[in-house]
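Trainee: what's the 3D shape of this:
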Amino acid sequence: MAMDDFLKRLKGAVKNAVVWGAAWFALTVVTVAVLHAAGVVASRGPWPLDAIFMGMRVAVMGAIAGGFFSALISLLYRGRRLAEISWVRFGLGGGIVAGLFVPAFMVTASLLSGGGIPRLGAIGSDVLLAALFGGVTAGGSMWLAQRGATASIAGPDRRERLAAGSGPLRATDLGHRAHAPARSEN
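Mentor: Residues are numbered from 1 along each chain as shown. I've put the predicted structure just below:
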């Protein structure tokens, strides 16, 4: 692999990690707010601060999972265009990858720190939330990317569909038509 290709993939993984971290932060804050409003979760202090601090912790895990997902996707979807990828399947894949990666990461971190293997009950809800957040983030980001690509008249999947003369007018086209003298019919 060439160094330029490696740097492109690394840059993409970092950007994806930032997107996943931000999305997981927002999803966590909204989830905690809804659970607090429903009376399911009791906070240790002012609930907005509790939600923000929990969101920051979850955002770190989301960024790590997003970087891993990006590295995996760069291998599996290499050479495909956005229009060829189903955002639903992409979201399901993101959910599966996050649902498997987060507990594996937590068990590995616990073992490396000398804590032993955590109880399944301690990470059970984390697995479900990771899968949900990973699926929503992956599917949502792919859906947005596909919408952004088709919003432009010269988007990558619209280029072949343009007919002659259907592109935007250039200033020179308008200039020579606008200054032509009007014909009088006498």
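Trainee: remind me, longest helix of the chain?
Mentor: Taking DSSP state H as the criterion, the chain has its longest helix at helix 3-37.
Trainee: For that helix, name the packing helices and strands.
Mentor: Judged by 3 or more Cβ pairs under 8 Å, 6 or more residues apart in numbering; DSSP states H and E, helix 3-37 is in contact with helix 47-76, helix 120-151. In this view, the C-beta of every residue, glycine as well, is placed from N, C-alpha and C.
Trainee: quick one: it to helix 120-151, angle?
Mentor: Helix 3-37 runs at 120 degrees relative to helix 120-151, counting by axes from the mean of the first three to the mean of the last three Cα atoms, to 10 degrees.
Trainee: Buried residues, helix 3-37. List them.
Mentor: Neighbour-count burial for helix 3-37 flags 9, 13, 16-17, 19-25, 27-29, 31-33, 36 (criterion: 16 or more other Cβ atoms under 10 Å).
Trainee: Work out the gap between stretch 19-29 and the centre of the chain.
Mentor: Between the centre of stretch 19-29 and the centre of its host chain there is 10 Å, according to Cα atoms, centre = their mean, to the nearest Å.
Trainee: and the angle for the longest helix of the chain with helix 47-76?
Mentor: Using the same axes, to 10 degrees: helix 3-37 against helix 47-76 is 150 degrees.
Trainee: tell me the mean pLDDT for helix 3-37?
Mentor: For helix 3-37, mean pLDDT is 90.
Trainee: same question, stretch 72-88
Mentor: What stretch 72-88 shows for mean pLDDT is 85.
Trainee: what does stretch 130-140 give?
Mentor: Across stretch 130-140, pLDDT averages out at 94.
Trainee: Name the residues that touch it?
Mentor: Contacts with stretch 130-140, where a contact means Cβ atoms under 8 Å, 6 or more residues apart in numbering, come from 19-20, 23-24, 27-28, 58, 61-62, 65-66, 69, 87-88, 90-99, 101-103.
Trainee: Out of those, which end up buried?
Mentor: Buried members of the contacts of stretch 130-140, counted by 16+ other Cβ under 10 Å: 19-20, 23-24, 27-28, 58, 61-62, 65-66, 69, 87, 90-95, 97-99, 101-103.
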